[in-house]
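In: attaching a predicted model along with its sequence, questions to come.
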Amino acid sequence: MDITVIGAGYVGTTTAVALAKNGNRVILVDNNKEKIEKLNRSCLPFFEEGIEEALLLLKSKGDLSFTTELSKSIEVCDLLFITVGTPSQDDGKVDLTFVKEVSRTIGKGMNRYKTIVVKSTVPVGTGDVITEIIQEELNKRKVGISFDIVSNPEFLREGKALYDALNPERVVVGIGSEKAKKVMEELYSKYHSVLLFTTVKNAEMIKYASNAYLAMKISYMNELARLSEKVGTNILEVAKGMGMDSRIGPQFLQAGIGYGGSCFPKDIKALTVLGHEQDSPLQILKAVAEVNESQIDWFIDKLINKLGSLTHKRIAVLGLTFKPQTDDIREASSIKVIQKLLQNDSIVTAYDPKGTEYMKKVFSEVLYTSEPIEAVRKADAILVLTEWKEVVELDWKTVKGLVNQPYIMDGRNALNPVYIRSLGFHYSGVGIPAHDAKGC
Ligand SMILES: NC(=O)C1=CN([C@@H]2O[C@H](COP(=O)(O)OP(=O)(O)OC[C@H]3O[C@@H](n4cnc5c(N)ncnc54)[C@H](O)[C@@H]3O)[C@@H](O)[C@H]2O)C=CC1
Ligand SMILES: O=C(O)[C@H]1O[C@H](OP(=O)(O)OP(=O)(O)OC[C@H]2O[C@@H](n3ccc(=O)[nH]c3=O)[C@H](O)[C@@H]2O)[C@H](O)[C@@H](O)[C@@H]1O
């Protein structure tokens, strides 16, 4: 099929590559000239393993191209994918400016029947808004072209984006016509995934409900971790035991310094606002967000308890991105932690394999290092905030010889407490008792 994907971000670029790999001819459009120039040079505007190589190959075969010209790209395709950003407004509502802008351009440029697939995460009812905008433009042009709006939310994870896009566990497709169903069935016939056909509104809700549910699991584990430290239980063992129940499952039970990223915080706000607007509040989500926020305070309080005061203390932050295998620092817990350290007049050194350049734009006063070992030199405490391999597999014995005080606060429970303690460090994880015999 001839497909145009609009929005060359994490989702759009990954989607375009996956669709092209599955035998379609794909044009990826973005109104950001710089991004398209980069892509035309086969450079990815962000870090995500495996995509750059795939992109280079698909481009050379002519299956994937990049442009800023949306109108022309609309004319030549059968299917349009909308993958533009849907950020939060100050009031927590979703800013649909980009989605609406793109919809208007589609209405202005549509020359024949198109299936318009919405992959951006959008509030329930947005499918209708897009339909209205496109129809309005068609009416202005006095043309009677038919089209279908499909909701096909994306569930990929950053760091595993291409794998997830090529092997989705399930594909949710919200449709309003048999014609659109056939198109989507054909499109996904090459994937070995279960397809769920439902209404557009249901599909829109499934996306928010899924992200909020995953975040809820994390906040629950984080609160349990705090309690665990009080009563002497080990959250890793608790999670293991819980996860063995197939009704609960082992995933997303890792306690830590809270969830970050471009989606969980934003999507929870959006669903919360929707509940309020409809006078059907989601009280659970209020608690989920509050726990996530206070997890940072809890972590910093523990650090203060250990060091007495943070003033003029040298704190090494290892890991800045919201998770490993990405350069994304959007809503990363590290931002809130560093903010609190700087407010307390600490001297902050930081290392991250991929996120440093973005973080420099947020905090210019942090001393960034290109090697983790440089960040820990003379440190009064080391904070592990992202479980990068480069951090976990550090030569901790050497580190012990370099620090000023041997305090490690592991915000991701990524290190082996028994080993780290055996080196003479005071190790503190999240929900791991101070002297746990097993320590795993
Ligand atoms: N990042 C992720 O892991 C996931 C994101 N999502 C959702 O997918 C959507 C996109 O997210 P990301 O890819 O992270 O966003 P992003 O911010 O990385 O990319 C969005 C792109 O859209 C472009 N754009 C905006 N207006 C445009 C226009 N009028 N014409 C052409 N291009 C335009 C921007 O320049 C940008 O490159 C959001 O709704 C997000 O919630 C869903 C699943 C996973
Ligand atoms: O809508 C989205 O953008 C995406 O959001 C998440 O994916 P992502 O944000 O890439 O990353 P996750 O692996 O879900 O991690 C999110 C955050 O939760 C934290 N986390 C995750 C799992 C866990 O057990 N504990 C925990 O603290 C991670 O450290 C990270 O900060 C979802 O997992 C994807 O399905 C979804 O498509």
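Out: Sure thing, it's come through. Quantities reported herein were computed from a predicted structural model and do not represent experimental measurements. Ligands and ions are numbered 1, 2, ... in the order given.
In: domains in the chain, by residue range?
Out: 2-198, 211-428 (automatic domain parsing).
In: okay, the closest residue to His426 other than its chain neighbours: pLDDT?
Out: Excluding its sequence neighbours, the residue lying closest to His426 (C-beta to C-beta, 6 or more residues apart in numbering) is Tyr407, at 5.1 Å. C-beta coordinates here come from the backbone N, C-alpha and C atoms, glycine included. pLDDT for Tyr407: 97.
In: same question, Ala437
Out: 45.
In: quick one on the thing from earlier: and the residue nearest to His426, what is it in contact with?
Out: Each residue near Tyr407 by C-beta atoms under 8 Å, 6 or more residues apart in numbering is listed here: 303, 306-307, 380-382, 425-426, 428.
In: tell me the one among those nearest to ligand 1.
Out: Distance to ligand 1, by C-beta to the nearest ligand atom, is smallest for Ile382 among the contacts of Tyr407, at 28.9 Å.
In: pretty sure the closest one is touching Val403, no?
Out: Yes - in this structure, Ile382 is within contact of Val403 by C-beta atoms under 8 Å, at 6.9 Å.
In: quickly list what's touching both of these two.
Out: Common contacts of Ile382 and Val403 (C-beta under 8 Å, 6+ apart): Val376.
In: which of those two has more neighbours?
Out: Ile382 (27 against 19; other C-beta atoms under 10 Å).
In: contacts only, for that one.
Out: For Ile382, the contacting residues are 315-316, 318, 376, 399, 403, 407-409, by C-beta under 8 Å, 6+ apart.
In: hang on, it in a strand?
Out: Yes - inclusion of Ile382 in a strand is indicated when DSSP: H, G, I helix; E, B strand; the rest coil is applied.
In: please begin residue numbering at 85 from this point
Out: Okay, residue one is now 85; in that scheme the one you just asked about reads as Ile466.
In: on that earlier part again, reformat the contacts of Ile466 as JSON lines; add distance to ligand 1 and secondary structure.
Out: Formatted as JSON lines, these follow (distance: C-beta to the nearest ligand atom, whole Å; DSSP: H, G, I helix; E, B strand; the rest coil):
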{"residue": "Ile399", "distance to ligand 1": "29", "secondary structure": "strand"}
{"residue": "Ala400", "distance to ligand 1": "28", "secondary structure": "strand"}
{"residue": "Leu402", "distance to ligand 1": "23", "secondary structure": "strand"}
{"residue": "Val460", "distance to ligand 1": "31", "secondary structure": "helix"}
{"residue": "Val483", "distance to ligand 1": "33", "secondary structure": "helix"}
{"residue": "Val487", "distance to ligand 1": "35", "secondary structure": "coil"}
{"residue": "Tyr491", "distance to ligand 1": "34", "secondary structure": "strand"}
{"residue": "Ile492", "distance to ligand 1": "30", "secondary structure": "strand"}
{"residue": "Met493", "distance to ligand 1": "28", "secondary structure": "strand"}
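In: among the residues you listed, which ones are buried?
Out: 399-400, 402, 460, 483, 487, 491-493 (16 or more other C-beta atoms under 10 Å).
In: tell me which of those is nearest to Tyr275?
Out: Closest approach between these and Tyr275, by C-beta to C-beta: Leu402, at 38.0 Å.
In: local confidence estimate at that closest one?
Out: pLDDT, read off for Leu402, is 98.
In: also Val110?
Out: 98.
In: please name the residues that touch the residue in the chain positioned nearest to ligand 1.
Out: Nearest to ligand 1 in the chain, going by C-beta to the nearest ligand atom, is Gly93, at a distance of 1.8 Å. Contacts for Gly93 (C-beta under 8 Å, 6+ apart) come out as 114, 130, 167-169.
In: and it, backbone torsions?
Out: Note on Gly93: backbone dihedrals following degrees, to the nearest 10 are phi -90, psi -160.
In: relative to Asn295, how far out is the residue nearest to His510?
Out: As for Tyr491, its distance to Asn295 is 35 Å (criterion: C-beta to C-beta, to the nearest Å).
In: same question for Ser448.
Out: Going from Ser448 to Asn295 by C-beta to C-beta gives 32 Å.
In: circling back to that earlier point, and the contacts of Ile466 as TSV, adding distance to Ala309?
Out: Conversion of the contacts of Ile466 to TSV gives the following (distance: C-beta to C-beta, whole Å):
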residue	distance to Ala309
Ile399	21
Ala400	23
Leu402	20
Val460	25
Val483	25
Val487	25
Tyr491	19
Ile492	17
Met493	13
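In: which single one of the residues you listed is nearest to Glu159?
Out: The closest of the contacts of Ile466, once distances to Glu159 are taken by C-beta to C-beta, is Leu402, at 50.3 Å.
In: please name the bridge partners of the closest one.
Out: Assessed by DSSP bridges, Leu402 has beta-bridge partners Tyr435, Val468.
In: that one is in contact with Tyr435, isn't it?
Out: Yes - the criterion here is C-beta under 8 Å, and Leu402 meets it with Tyr435 at 5.5 Å.
In: just the buried members of the contacts of Tyr491?
Out: Applying 16+ other C-beta under 10 Å to these flags 387, 391, 464-466, 509, 512 as buried.
In: what parts of the stretch 335-484 of the chain come near ligand 1?
Out: 346-347 (C-beta under 6 Å from any ligand atom).
In: so where do the strands sit in the stretch 335-484 of the chain?
Out: Per DSSP state E, counting those that start in this stretch, the stretch 335-484 of the chain carries strands over the ranges 398-402, 431-435, 451-452, 465-468.
In: who in this protein is up against ligand 2?
Out: Taking C-beta under 6 Å from any ligand atom as the contact definition, the chain meets ligand 2 at 205, 238-242, 295, 298, 302, 336-338, 340, 343-345, 347-348, 406-407.
In: can you tell me the element Phe165 falls in?
Out: Assigning secondary structure by DSSP states H and E places Phe165 in strand 163-166.
In: what about that strand, near ligand 1?
Out: No - contact of strand 163-166 with ligand 1 is not found when judged by C-beta under 6 Å from any ligand atom; the minimum separation is 8.7 Å.
In: elements contacting that strand?
Out: Under the contact criterion of 3 or more C-beta pairs under 8 Å, 6 or more residues apart in numbering; DSSP states H and E, strand 163-166 touches strand 86-90, helix 94-105, helix 181-193, strand 198-202.
In: could you rerun that using 6 Å?
Out: strand 86-90, strand 198-202 (3 or more C-beta pairs under 6 Å, 6 or more residues apart in numbering; DSSP states H and E).
In: mind putting those in JSON lines, mean pLDDT and mean neighbour count included?
Out: Listed next are those as JSON lines, based on pLDDT from 0 to 100; neighbours: other C-beta atoms under 10 Å:
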{"stretch": "strand 86-90", "mean pLDDT": "98", "mean neighbour count": "25"}
{"stretch": "strand 198-202", "mean pLDDT": "98", "mean neighbour count": "25"}
